[in-house]
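>>> Starting from these lines, generate the structure:
(3 chains)
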Amino acid sequence: MPYYRRFDQPAPDPALLARLTEQQREMQRRVIIQKPDFNLKLIAGCDSSFVGEDHILSVFVLLSYPELEVLEKVWHYGEVELPYVPGFLSFREAPNLLKAYEKLQQKPDLIMVDGHGISHPRRLGIATHLGLQLNKPIMGVAKKVLVGRYKEPDMQKGAVSPLEHKGELIGNVLRTKDNVKPVFVSAGHLMDLASATEIAMACSVKHKLPEPTRLADHYAAVFKSEVK
DNA sequence: GCGACAG
DNA sequence: ATCTTGTCGC
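Sure thing, here's the model as predicted:
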């Protein structure tokens, strides 16, 4: 029984997955991994939560940097058309995330996504997908590994361990808090791993998740109760 | 052939 | 992600 059957959702059409895979390969050619050329003053975090099996609530939180004070929080509620399939998360969440992003009065210098950037089977995780569509520096911070191997980083906050896949360095496993499971940091687009790791660390105050994604996660739960 | 598999 | 109770620790 395929893994996605765990969720009470329809099995994706093999032909559709083949088409989406090809689309990811085309998008991958446009990805740019480089040291960002910004003066980071505004950073945004985003996250999505689901209501039922076909509705999604996406949130964007804008924070000042390095103070990390909340300046804006917006959301958009809509429908989802595709089921969740590992490796194709962006097609399910990106459409609604873009609509939420448009509601921000001020646009961020950098976006932190709850998911992977290039640490993906075809180097096109949701952070990278979103970054290409917005043409803006973006990075990913995921709670679980998708692909690649790594050795457990030390238990102290700040410990880092490389995440490798097919001979490539695709991300960093970062301990953002003492004795707590690490997060997986990766470059998304117009961004590089060293900068992403450095910023993820600078945004990790007293919790496992860096403030941008932690707060986006928090407000997603708050707004969700308003929608219901 | 047998697992693993972001949110 | 979501469904769920009590429980350990700062």
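
>>> elements contacting the helix ranked longest in chain A?
Secondary structure of chain A per DSSP state H: the longest helix is helix A:211-227. Judged by 3 or more CB pairs under 8 Å, 6 or more residues apart in numbering; DSSP states H and E, helix A:211-227 is in contact with strand A:42-51, strand A:55-64, strand A:70-79, strand A:110-113. C-beta here means a position set from N, CA and C on the backbone, and glycine is covered the same way.

>>> Need the CA coordinates for it. PDB is fine.
Below are the C-alpha coordinates for helix A:211-227, written out as PDB (Å, rounded to 0.1, in the frame of the first residue of the first chain):
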ATOM      1  CA  GLU A 211      11.200  32.800  15.100                       C
ATOM      2  CA  PRO A 212       9.900  33.400  11.500                       C
ATOM      3  CA  THR A 213       8.600  29.900  11.000                       C
ATOM      4  CA  ARG A 214       7.700  29.400  14.700                       C
ATOM      5  CA  LEU A 215       5.500  32.500  14.700                       C
ATOM      6  CA  ALA A 216       4.000  31.700  11.300                       C
ATOM      7  CA  ASP A 217       3.100  28.300  12.700                       C
ATOM      8  CA  HIS A 218       1.600  30.000  15.800                       C
ATOM      9  CA  TYR A 219      -0.500  32.400  13.900                       C
ATOM     10  CA  ALA A 220      -1.700  29.700  11.600                       C
ATOM     11  CA  ALA A 221      -3.300  28.000  14.500                       C
ATOM     12  CA  VAL A 222      -4.800  31.300  15.800                       C
ATOM     13  CA  PHE A 223      -6.300  32.300  12.400                       C
ATOM     14  CA  LYS A 224      -7.500  28.800  11.900                       C
ATOM     15  CA  SER A 225      -9.800  29.000  14.900                       C
ATOM     16  CA  GLU A 226     -11.200  32.200  13.400                       C
ATOM     17  CA  VAL A 227     -12.000  30.600  10.100                       C
END
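
>>> do it and DNA strand C meet at all?
Yes. Against DNA strand C, helix A:211-227 shows contacts by CB under 7 Å from any atom of the strand at A:Lys224.

>>> Residues touching that helix, excluding its own?
For helix A:211-227, the external contacting residues (CB atoms under 8 Å, 6 or more residues apart in numbering) are A:43-49, A:51, A:57-61, A:63, A:68, A:70, A:73, A:75, A:77, A:112-114, A:141, A:203-205, A:207-209.

>>> Keep those residues, but drop any that are not near DNA strand B.
Filtering the contacts of helix A:211-227 for proximity to DNA strand B (criterion: CB under 7 Å from any atom of the strand) leaves A:Asp47, A:Ser48, A:Asp114.

>>> Tell me the confidence at the residue of chain A found nearest DNA strand C?
Closest approach of chain A to DNA strand C (CB to the nearest atom of the strand) occurs at A:Ser49, with a separation of 3.2 Å. The confidence metric pLDDT takes the value 96 at A:Ser49.
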